[in-house]
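J.: show me the folded form of this:
(2 chains)
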2 protein chains.
Amino acid sequence: MSSPSSPHAGLVEKVFRYMDLHQDEFVQRLKEWVAIESDSVQPVPRLRQELFRMMALAAEELRRLGASVDLEDLGSQQLPDGQTLPIPPVILAELGNEPGKPTVCFYGHLDVQPATQADGWLTDPYTLTEVDGKLYGRGATDNKGPVLAWINAMSAFRALEEDLPVNIKVIIEGMEEAGSVALEELVKREKDRFFSSVDYIVISDNLWLSQRRPALIYGTRGNSYFTVEVTCRDQDFHSGTFGGILHEPMADLVALLGSLTDSAGHILIPGIYDDVAPLTEEEKELYGAIDLDLEEYRNSSRVKKFLFNTKEEILMHLWRYPSLSIHGIEGAFDEPGTKTVIPGRVIGKFSIRLVPHMNTSVVEKQVQQHLQYIFSQRNSSNQMDVSMVLGLHPWIADIKDHQYLAAKRAIKTVFGTEPDMIRDGSTIPIAKIFQDIIQKSVLMLPLGAVDDGEHSQNEKINRWNYIEGSKLFAAFFLEVAQLHE
Amino acid sequence: MSSPSSPHAGLVEKVFRYMDLHQDEFVQRLKEWVAIESDSVQPVPRLRQELFRMMALAAEELRRLGASVDLEDLGSQQLPDGQTLPIPPVILAELGNEPGKPTVCFYGHLDVQPATQADGWLTDPYTLTEVDGKLYGRGATDNKGPVLAWINAMSAFRALEEDLPVNIKVIIEGMEEAGSVALEELVKREKDRFFSSVDYIVISDNLWLSQRRPALIYGTRGNSYFTVEVTCRDQDFHSGTFGGILHEPMADLVALLGSLTDSAGHILIPGIYDDVAPLTEEEKELYGAIDLDLEEYRNSSRVKKFLFNTKEEILMHLWRYPSLSIHGIEGAFDEPGTKTVIPGRVIGKFSIRLVPHMNTSVVEKQVQQHLQYIFSQRNSSNQMDVSMVLGLHPWIADIKDHQYLAAKRAIKTVFGTEPDMIRDGSTIPIAKIFQDIIQKSVLMLPLGAVDDGEHSQNEKINRWNYIEGSKLFAAFFLEVAQLHE
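T.: Take a look at the predicted model:
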């Protein structure tokens, strides 16, 4: 559906037709990749071997397309139990190196979350199974499908003997689900080598906001994760023999955690909203245009009532305002039954999702000061320790950047519509890492539908999303090349 | 050290001398009983066999003294996992049935808490080992030692061919540490049979408050155990994708739990103190007389600072005022690490130790009303459910009752001192069960020292406590008989 005036209309038609005709081959390749249990989460030697096999297979595929491929050895990792496991290599691949063309670098990962049929899968998670146009299998949408869609796009030009409009680089890791172990160091090391010629970075590791309307993602929230530990002594007490005479650590902790938010979800830590970017009219308009059926969203979330009643408020509170969640308590009685214990030492855990332009070290200070104040008001004889154990910055892209415009045009070409301009409320550290280290524009261009079930049972990618997504990347190559000129 | 004016001074001397001379036999018998791993807590067929062996051995011992012994079959118990295990029989024994004598019934148990040397025992827990006058072994003080002390007292009269001053009944169970499974039903069933002639009930299943000064226990606190469940949905959320738009169940729960007490440990539930017995001058005096070195108590508890600074306040808040402890939360994130979960359904657990004249059903209503009020103030869309899952009444004895006076005199005879008149802050349901069903006076007459380590590693009973305790029971027989006339 490329507009006839487009200079590359004929080429687009040709590439898309090729992809439609070869879609069963594309699905077959995805089936072969899904068949490998490349689970990086369970630290088991057998699964690590599968990860190595997965990376080797992907490297072979890229080499077949003529790319030069390096498998970067990242050594091994030591687990908390003392066990040592090898880290699967990272693929750094390159196809084309022509000075006149822009260089687009794709990031993806080929490791998956654990899955067994016993978890509630209707089909074997490692046998890609098509039902009503849905391709069920672990990793189908997260992230093997999108990685293959990128390769499919490369392969179409290659098969048609058409010149690739961009220089392509690819970085593929096998440890994303386990926290991208050692990746940041590799990116730093390769900053002036592999990444030196990169102009644009594309990540396709999220989902659309709807089932049918494509999306571009221009921001993710950060996360400051806190522990607050209250200690009376290192041993528990019996509530019969000590109840009534102690400053009980749980009472202190519950008061501390209760001081963090009000019942409307507003964060009560003084100063916490000071650095939140003001809402511009321009940004506000983006929210109105987004395709979200609130009733459907509420039903599919199985939530009776949200804190807010409008689409705009809900999306803003997921994406552009900070939120605070209490995750749980370590050290207290957490099992079924009726144990009469006074826990001697408890650790509360909560985290704050950060938005532009909040800063983790400012937030750390604000949280420390607030909790110290609340604790001091209690005159407790216990000891309190607050730590920020994780501090991940928010990420935001400039949506007026060339590659965002190129992606919008490519979406228009493939899907005949404008994308939802969305953010992701969760934290994807890799975007911020690329932005900070390589200092180039990062684009998140998702292919999967909102109901794909990343990380959960019956993960799938629709055949339509997979094939149209492959076309989208091909169209994107052409649009980026044109805008870059 | 019986006063020369006592009518049974000569008999006392004779019995005590016998006991001093035969103390090694008494210790040897305790050694044989401790050697049986009668652990009722771990539901394992092998340990159940040991419990049956233990009950049979005790029955044999009682028969040797001439008692008539029934082993009451309690059938079997079904565990949560579907497994069925036989319940060890309860011993109902009887020695003497003379109309002119009072009938004293002793309650004890022969099951023990689990113990392995790997837990940190310095000696094998099932080999009674004497070091510096301390007899180390699982069950030595809880409760095999006191049961044998009672039997030792009976056996001394028997061996000396002296008439027992009281009719004696004994009820011994093997499931106390597992919650006295099926015992209450048995007591109800035997109310008008085995228990019909009982005048006094003696329990010796606690400890003194000090290392050297004996104690009488005249009260225990009850316990109302509550769960408060807050549900958004039955599945957890990811704090990235839902943080900011939910009434988070943990925020509700933390507010509910935080509303229960202030930082001084005072319970904030309206009306909760209404039924607490007023403090009389007479009762107040009991506290002043108690032997407690506060500094030593604080040090041995390893607590920096208590809520109160005087012995009297501390003891009163452990024994005669209610206390509320938050035990923990089920359903939230309770492990080490940094999981970014919004728990979908959480269950808070707390309990209130009840004192005379609080009533479990009144307390249940007060807690329900209070939490419903607090929850309604939050306008949360979550569902809250409050349940009292355990309601155990407090127990208090009349310390002017004959058997209390008899016990005091016996203590004076054996130890040459007045006892500490104490209570136990924890809940011992059996006292209240006996009191309510049999409607006779219940006395708690402990033998062990404060540092005996019930339930913990290196449990012990001092040889001195064990032998003097055996004498104490013998002297008690004589005093009860005399006062009862």
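
J.: tell me, what residue is most central in chain A?
T.: A:Ile428 (4.3 Å; CA atoms, centre = their mean).

J.: and the residue lying farthest from the centre of chain A, how far from B:Leu207?
T.: When each C-alpha in chain A is compared with the mean C-alpha position (CA atoms, centre = their mean), A:Thr241 comes out farthest, at 49.2 Å. Separation of A:Thr241 from B:Leu207 (CB to CB, to the nearest Å): 10 Å. Where C-beta positions appear, they are placed from N, C-alpha and C, glycine not excepted.

J.: repeat that for A:Ala289.
T.: Counting by CB to CB - A:Ala289 and B:Leu207 are separated by 73 Å.

J.: strands along the stretch 1-150 of chain A, start to end?
T.: A:68-72, A:76-78, A:84-86, A:90-95, A:103-109, A:129-131, A:134-136 (DSSP state E, counting those that start in this stretch).

J.: now do the last one: which elements does it pack against?
T.: Read that as strand A:134-136. strand A:129-131, strand A:460-462, helix A:463-484 (3 or more CB pairs under 8 Å, 6 or more residues apart in numbering or on different chains; DSSP states H and E).

J.: do the same with the fifth one
T.: Secondary-structure packing of strand A:103-109 (3+ CB pairs under 8 Å, 6+ apart): helix A:145-159, strand A:167-173, strand A:200-203, helix A:463-484.

J.: and the ones you listed as TSV, adding mean neighbour count?
T.: Putting these into TSV (neighbours: other CB atoms under 10 Å in any protein chain shown) gives the following:
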stretch	mean neighbour count
helix A:145-159	25
strand A:167-173	25
strand A:200-203	23
helix A:463-484	23
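
J.: relative to chain B, which residue of the stretch 101-250 of chain A is the closest?
T.: A:Gly240 (2.2 Å; CB to the nearest CB).

J.: that residue touches B:Gly425, doesn't it?
T.: Yes - proximity of A:Gly240 to B:Gly425 meets the contact threshold set by CB atoms under 8 Å, at 5.0 Å.

J.: list the contacts of the residue lying closest to A:Phe242 once chain neighbours are set aside.
T.: Distance criterion CB to CB, 6 or more residues apart in numbering or on different chains; nearest residue to A:Phe242, sequence neighbours excluded, is A:Ile342 at 5.7 Å. Counting by CB atoms under 8 Å, 6 or more residues apart in numbering or on different chains, A:Ile342 touches A:Asp236, A:Phe237, A:His238, A:Ser239, A:Phe242, A:Gly243, A:Leu246, A:Glu248, A:Pro249, A:Met250, B:Ser325, B:His327.

J.: surely the fifth one meets B:Ser301?
T.: Just to be clear, that refers to A:Phe242. Yes - counting by CB under 8 Å, A:Phe242 does reach B:Ser301; the two are 7.4 Å apart.

J.: more neighbours: the two, which one.
T.: More neighbours surround A:Phe242 than the other of A:Phe242 and B:Ser301, with 22 against 17 (other CB atoms under 10 Å in any protein chain shown).

J.: contacting residues for that one?
T.: Counting by CB under 8 Å, 6+ apart, A:Phe242 touches A:Ile342, B:Ser301, B:Leu318, B:Gly425.

J.: now swap in A:Leu209 and tell me
T.: Neighbours of A:Leu209 in contact, by CB under 8 Å, 6+ apart: A:Ala215, A:Ile290, A:Asp291, A:Leu292, A:Asp420, A:Ile422, A:Val450.

J.: among those, which are located in strands?
T.: Within those, residues falling in strands by DSSP state E are A:Ala215, A:Asp420, A:Ile422.

J.: quick one: which of the residues you listed is most hemmed in?
T.: With neighbours taken as other CB under 10 Å, the top of the ones in strands among the contacts of A:Leu209 is A:Ile422, carrying 26 neighbours.

J.: just list whatever residues bridge to that one.
T.: Assessed by DSSP bridges, A:Ile422 has beta-bridge partners A:Ile217.

J.: in contact with it, which residues?
T.: Counting by CB under 8 Å, 6+ apart, A:Ile422 makes contact with A:Leu209, A:Ala215, A:Leu216, A:Ile217, A:Tyr218, A:Ile290, A:Leu315, A:Trp319.

J.: can you check A:Leu183 too?
T.: By CB under 8 Å, 6+ apart, A:Leu183 lies in contact with A:Val90, A:Glu173, A:Met175, A:Ile430, A:Ile433.

J.: just put the residues you listed in CSV and tack on distance to chain B and pLDDT.
T.: As requested, the contacts of A:Leu183 are exported to CSV (distance: CB to the nearest CB, whole Å; pLDDT from 0 to 100):
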residue, distance to chain B, pLDDT
A:Val90, 24, 98
A:Glu173, 20, 97
A:Met175, 17, 94
A:Ile430, 14, 91
A:Ile433, 17, 93
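
J.: outline the domain layout of chain A.
T.: Chain A resolves into domains spanning A:9-220+A:395-484, A:222-276+A:321-392 when parsed by automatic domain parsing.
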